[in-house]
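Asks: what follows is a protein structure lacking sequence information:
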């Protein structure tokens, strides 16, 4: 309604509103923030800017990691999502035995059961991870078999 080609006249905003948009936007506020201040939607702010030749800034690169992401689920994230957080570190080294062989497989092993904390994981080669998990299972189970094996 009222848009280009609809036959209706475009909405005319008061000079004060246009000046406020220009001033707030030039002061560093986003279109959404300007809209919130003036009680208008971002789409209306964009339309005012376009009609009055107020140049839009190139969107700044924003931090989308962790809690800064609008889709962040925190502790309710899936098992896969929690592991994907770890894969961003992209280490190809076993923190137990120190191997860096690119032909080996590397896993992230959780140390204490705090799966939400990325700092509670250690990068291990597959054999060290297996030994670590087996040792933990034995500690939780009935029989403690031998000491800590190394690679």
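Replies: Everything's here; your move. On a predicted model such as this, the values are computed, not experimentally measured, just so you know. Numbers count the residues shown, from 1 in each chain.

Asks: the most centrally placed residue in the chain and residue 108: what is the separation?
Replies: Geometric centre of the chain, nearest residue: residue 65, 3.0 Å, by Cα atoms, centre = their mean. Distance of residue 65 to residue 108, computed by Cβ to Cβ, to the nearest Å: 17 Å. Bear in mind the C-beta positions are built from the backbone N, C-alpha and C, glycine included.

Asks: likewise residue 127?
Replies: 15 Å.

Asks: equivalent analysis for residue 49, please.
Replies: Taken as Cβ to Cβ, the span from residue 49 to residue 108 is 46 Å.

Asks: next one: residue 77
Replies: Counting by Cβ to Cβ - residue 77 and residue 108 are separated by 15 Å.

Asks: where in the chain is pLDDT low?
Replies: Applying pLDDT under 70 to the chain picks out residues 1-6, 89-91, 136-151.

Asks: domain parsing for it?
Replies: 15-51, 76-140 (automatic domain parsing).

Asks: tell me which of those sits nearest to residue 70.
Replies: Nearest to residue 70 among those is domain 15-51 (12.5 Å), distances taken as Cβ to Cβ.

Asks: thank you kindly, that will do.
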